[in-house]
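**Student:** Make a model of this:
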Amino acid sequence: MKILVTGGAGFIGSAVVRHLLANTQDSVINVDVLTYAGNTESIPPELRSERYIFEQVDICDSAEISRVFKQHQPDAVMHLAAESHVDRSIDGPGAFIQTNVVGTYTLLDSAREYWQNLPEQRKSQFIFHHISTDEVYGDLPHPDELPANSELPLFTEETPYAPSSPYSASKASSDHLVRSWQRTYGLPTVITNCSNNYGPYHFPEKLVPHVILNALAGKTLPVYGDGSQIRDWLFVEDHARALCLVVKSKRVGETFNIGGHNEKRNLDVVRTICELLDELAPQHRAKDITQYADLITFVKDRPGHDARYAIDAGRIQRELGWAPEEDFVSGMRKTVLWYLNNESWWQRVLSGKYKLGRLGEGE
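**Tutor:** This is a model prediction of the structure:
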């Protein structure tokens, strides 16, 4: 297949691109405008070949997106391009509406025009895969709020949408657009909603890399509120495998939830990272602390902070045979080791050098 991946220089998108190039014979057209979180260095040079093409294009640019479709003639779209940081959405929601809503609309309409003009055989094989988040469902009751020994509810594919933040509302909007393009125009689409991802090449503003790099630098490790919020954690390479399986299954009109079966309190996530660093990098520990956990600092909670996310990923396992290969401990160990062994990547991100050579950014 020839697969157009939007946001392929981002965290999850680059994992998908790396998986496709390393484990399949598929070709990839990586479309990414390269915002602050886009990093072409997340695709190692050894994976780039004649099967890989990069297009620095904004998904909101209708003319350019139409050109990309016509020029490269993809068999499928995997749409991952999105603004995704909740804190940023609270401070500046406009960019999230523009990219996640307007951008998805622009991409859908260009894909529809392209698909409608394909020869009948190729038309029947085309698929538009929209990658979304479990945050569209809102949140779930916290175990502390429920009677002892009661069964904990999970997000399923039938859970009603109830987004809490500008980010999750913009992603819910994009999900609805995708479904409407399938129902109204017949565009073959499939949607996946995932839980919190973590792993290599994660932009340092997100919780896991932020904690790792702050700890190594001897800085405080900020935890919102009391750290009791619960998330289901999914290793990004497990997610990439699932996404590639879904796009090739061509389950038009379907939705699949993808989760890691790893519910953890935020505070426990931070403590696990600290314990791994105590084991793997004691030499980097600041002299005035005895363990990395001494750096933990509780800060004012985020507005509208959801209490708990948890995904029922049973459907994708039953119907497509996918299950995560990493549990929380093994995946987090791999993640911490990656950051310890790839300082040049994250140092270039922290310094801003990863932006050199981008269109319009110069030296």
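**Student:** which stretches of the stretch 101-250 of the chain form strands?
**Tutor:** 127-133, 189-194, 196-198, 221-224, 230-235 (DSSP state E, counting those that start in this stretch).
**Student:** Now tabulate those strands in TSV and tack on mean pLDDT.
**Tutor:** As requested, the strands of the stretch 101-250 of the chain are arranged in TSV below (pLDDT from 0 to 100):
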stretch	mean pLDDT
strand 127-133	98
strand 189-194	98
strand 196-198	97
strand 221-224	96
strand 230-235	96
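**Student:** Quick check: the gap between the closest residue to Gly138 other than its chain neighbours and Ser168.
**Tutor:** Excluding its sequence neighbours, the residue lying closest to Gly138 (CB to CB, 6 or more residues apart in numbering) is Ala162, at 3.2 Å. Bear in mind the C-beta positions are built from the backbone N, C-alpha and C, glycine included. Computed as CB to CB, to the nearest Å, the Ala162 to Ser168 distance reads 9 Å.
**Student:** what's the answer for Leu280, then?
**Tutor:** 34 Å.
**Student:** so where do the helices sit in the stretch 201-350 of the chain?
**Tutor:** 207-216, 236-249, 266-280, 314-320, 328-341, 343-351 (DSSP state H, counting those that start in this stretch).
**Student:** Can you tell me which of those is nearest to Ile3?
**Tutor:** Proximity of those to Ile3 was assessed by CB to CB; the nearest stretch is helix 236-249, lying at 6.9 Å.
**Student:** packing partners for the closest one?
**Tutor:** Applying 3 or more CB pairs under 8 Å, 6 or more residues apart in numbering; DSSP states H and E, we find helix 236-249 packed against helix 11-23, strand 76-79, strand 127-133, strand 189-194, strand 196-198, strand 255-258, helix 314-320.
**Student:** surely Tyr198 meets Val208?
**Tutor:** Yes. Counting by CB atoms under 8 Å, Tyr198 does reach Val208; the two are 4.4 Å apart.
**Student:** Touching both of those two, which residues are there?
**Tutor:** Common contacts of Tyr198 and Val208 (CB atoms under 8 Å, 6 or more residues apart in numbering): 332, 335.
**Student:** what about the two, which has more around it?
**Tutor:** Tyr198 (26 against 23; other CB atoms under 10 Å).
**Student:** Contacts only, for that one.
**Tutor:** Contacts of Tyr198 by CB under 8 Å, 6+ apart are 206-208, 233-236, 331-332, 335.
**Student:** how about 6 Å then?
**Tutor:** When contacts are counted by CB atoms under 6 Å, 6 or more residues apart in numbering, Tyr198 touches 208, 233, 335.
**Student:** need those residues in CSV with distance to Pro93, can you?
**Tutor:** CSV is the format used below for those (distance: CB to CB, whole Å):
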residue, distance to Pro93
Val208, 24
Trp233, 26
Thr335, 30
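**Student:** Asp175: which of the residues you listed is nearest?
**Tutor:** Nearest to Asp175 among the contacts of Tyr198: Trp233, at 21.9 Å, using CB to CB.
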